[in-house]
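Visitor: Make a model of this:
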Amino acid sequence: MPIKSFEQLNEEMSDDRLFANPRNAAAGSLRQKDPRITSTRNLSFFGYQIGYVEGMRINSHWETLELLREWGFPVNPHIQRADTLEDVMAYCNKWEKERFNLPYEIDGVVIKINDLAHQEELGTVARDPRWAIAFKYPPIQVATRLLDIRVNVGRTGSLNPWAVLEPINIRGVTVSRASLHNEGDIQRKDLRIGDWVLVQRAGEVIPQVVKPVLERRTGTEEVYRLPEQCPFCQTPIIRIPDQAMAYCPNKECPERILQSVIHFVSKGAMDMETIGEKMAAQLVNAGYIKSLSDFYQLTEEQLLALGGIKKKSADNMLAAIEASKERPFWRVLFGLNIRYIGEKSAQLLATAFGDIDALAQASAEEIIKVPGVGPEIGQSVYNWLQDTDNLALIERLRAAGLTLAEEKVENTGPLTGQTFLVTGRLEAMTRSAAEEAITRLGGRIATGVSKTLSHLIVGEDPGSKLAKAQKVGVPIHNEEWLVDLLKQHNED
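Guide: Numbering: from 1, shown residues only. Below is the predicted model:
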């Protein structure tokens, strides 16, 4: 969203609905359920890539951009080809100075390999291409007063301090609060209430207190200490050795319950459309939701008793709650508010154990052994599943009809029952292409080397996986062996 459009939009919004920055405004505009609202927002775009091409050959990224321009799509007029690293750095340095003259916000430039064949050869790691990198500029820092430090309590009980700032304008955005992460971060930076501090928007978006302006101290500033009791339920807080965060241990803490409910209904977890933060707070404050399983006991009468809820809205909420029963097991696991569990670790655990019962019966050591999980997450999951209240919650969710097991998809083929792991750089194909071909033939791609691995495919520069496979006696093959295997089954 252009800066002028962002400023105009905020002028039209009420004070409690102002967007924090153009990026959030653009994202919020695109998420509107009514496309007529989106059409009123002055959104723009530049074309950078073609997703699929048939009937023609494109050899370079530059050629792609030229075609997009020729076909009438808007292409950024400031793109440039560079022949040397010095050219790249000159371009980056130029736009660090000139970026504020653009009619839209940027926080850096992206440098890409031009040759598409080289892009394909370099491949990607997870979602990150090896053929492109972002060059980020240092954020603008502005001085303001640190008026107070307050504390929020998160869904797992963590105490999260935040700064109350004297409102300051940073590149058109008024900033009045910022995260302070934890008590240790405050002490490390030596931040005191009343300090003049330097504030920046990390990535040009997230407000962040960088450091105090020591030369402006008067001696009246107050050293901050985290409260010894939870500010919402007055339960004594606990500190875990070697951990930065302090915690409220009270599972009945009203703020913990509220934050856990907000997380449970969120898009990444149970994705209950029409139930946002405000509605979650209404449901909790009304006493309707004291446990996550209470969602599945809600009635239309209860919803209509809430202020401002009409029958159609109530029906939509009940439909969203019913639809959440179809969410896959890993989303339920993510939604349970287990400390340290993110979307990725929830998926890894759901795949490794298959259902909640197998996970609940696993030892801490078995959970920790899942590749990508590790000791901190594994121990946290194990501890959560030893709590009788949590096990009772699982049973209530089971009775409500939620999905607590992975859907078993039969992927049969000539390689069914065999696991493969590809390591190192391949010449004839990219690693992702090789893995897709194996999967189509019924093979499974492993996440790491273990005694149960059927085949390790080794390209150039294989790294530590080769030595580990040799140690445990896994069959090792070169790329030629894999190519021959795929050709046998018409996978060219």
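Visitor: P414 is in contact with L441, correct?
Guide: Yes - L441 is within contact range of P414, at 5.5 Å (criterion: C-beta atoms under 8 Å). For the C-beta atoms, the positions are set from N, CA and C on the backbone; glycine is no exception.
Visitor: can you list residues touching both of the two?
Guide: Common contact partners of L441 and P414 (C-beta atoms under 8 Å, 6 or more residues apart in numbering): H489.
Visitor: the more surrounded of the two?
Guide: Neighbours per residue, other C-beta atoms under 10 Å: of L441 and P414, the larger number sits with L441, 21 against 12.
Visitor: Quick one: residues contacting the residue nearest to P249 when sequence neighbours are not counted.
Guide: Nearest non-adjacent residue to P249, counting by C-beta to C-beta, 6 or more residues apart in numbering: I238, 5.2 Å away. I238 sits next to 246-247, 249 when contact means C-beta under 8 Å, 6+ apart.
Visitor: my read is V197 is in a helix, agree?
Guide: No - counting by DSSP: H, G, I helix; E, B strand; the rest coil, V197 is not part of a helix but strand.
Visitor: do you know how far D315 is from L303?
Guide: 9 Å (C-beta to C-beta, to the nearest Å).
Visitor: Pick out whichever of those two has more residues nearby.
Guide: L303 (22 against 13).
Visitor: Show me what the helix or strand hosting the more buried one is packed up against.
Guide: Under the criterion of DSSP states H and E, L303 resides in helix 300-305. Helix 300-305 sits against helix 311-323, with contacts defined as 3 or more C-beta pairs under 8 Å, 6 or more residues apart in numbering; DSSP states H and E.
Visitor: ok, and what's touching the helix it packs on?
Guide: Helix 311-323 is contacted from outside by 272-275, 279, 295-296, 298, 300, 303-304, using C-beta under 8 Å, 6+ apart.
Visitor: again, only using 6 Å
Guide: 272-275, 295, 300, 303-304 (C-beta atoms under 6 Å, 6 or more residues apart in numbering).
Visitor: What residue spans form the domains of the protein?
Guide: 1-44, 141-223, 254-326, 329-400, 419-488 (automatic domain parsing).
Visitor: Might you calculate how far the fourth one sits from the centre of the chain?
Guide: Pointing back at domain 329-400 there. Computed by C-alpha atoms, centre = their mean, to the nearest Å, the chain-centroid distance of domain 329-400 equals 19 Å.
Visitor: Just give me the neighbour total for G268.
Guide: Look at G268: counted by other C-beta under 10 Å, it has 12 neighbours.
Visitor: Just confirm it is within a helix.
Guide: No - assigned with three-state DSSP, G268 falls outside any helix and is coil.
Visitor: show me what contacts it?
Guide: G268 sits next to E343 when contact means C-beta under 6 Å, 6+ apart.
Visitor: Please repeat the previous calculation with a cut-off of 10 Å.
Guide: Going by C-beta atoms under 10 Å, 6 or more residues apart in numbering, G268 touches 331, 334-335, 342-343, 346.
Visitor: Same check on I206?
Guide: Contacts for I206 were tallied using C-beta under 10 Å, 6+ apart; they are 20-21, 139, 175, 178-179, 200.
Visitor: Tell me the bridge partners for V458.
Guide: Counting by DSSP bridges, V458 forms beta bridges with T423, N478.
Visitor: Please read off the pLDDT at V370 from the model.
Guide: Looking at V370, its pLDDT stands at 85.
Visitor: how near is it to L65?
Guide: Applying C-beta to C-beta to V370 and L65 gives a distance of 43 Å.
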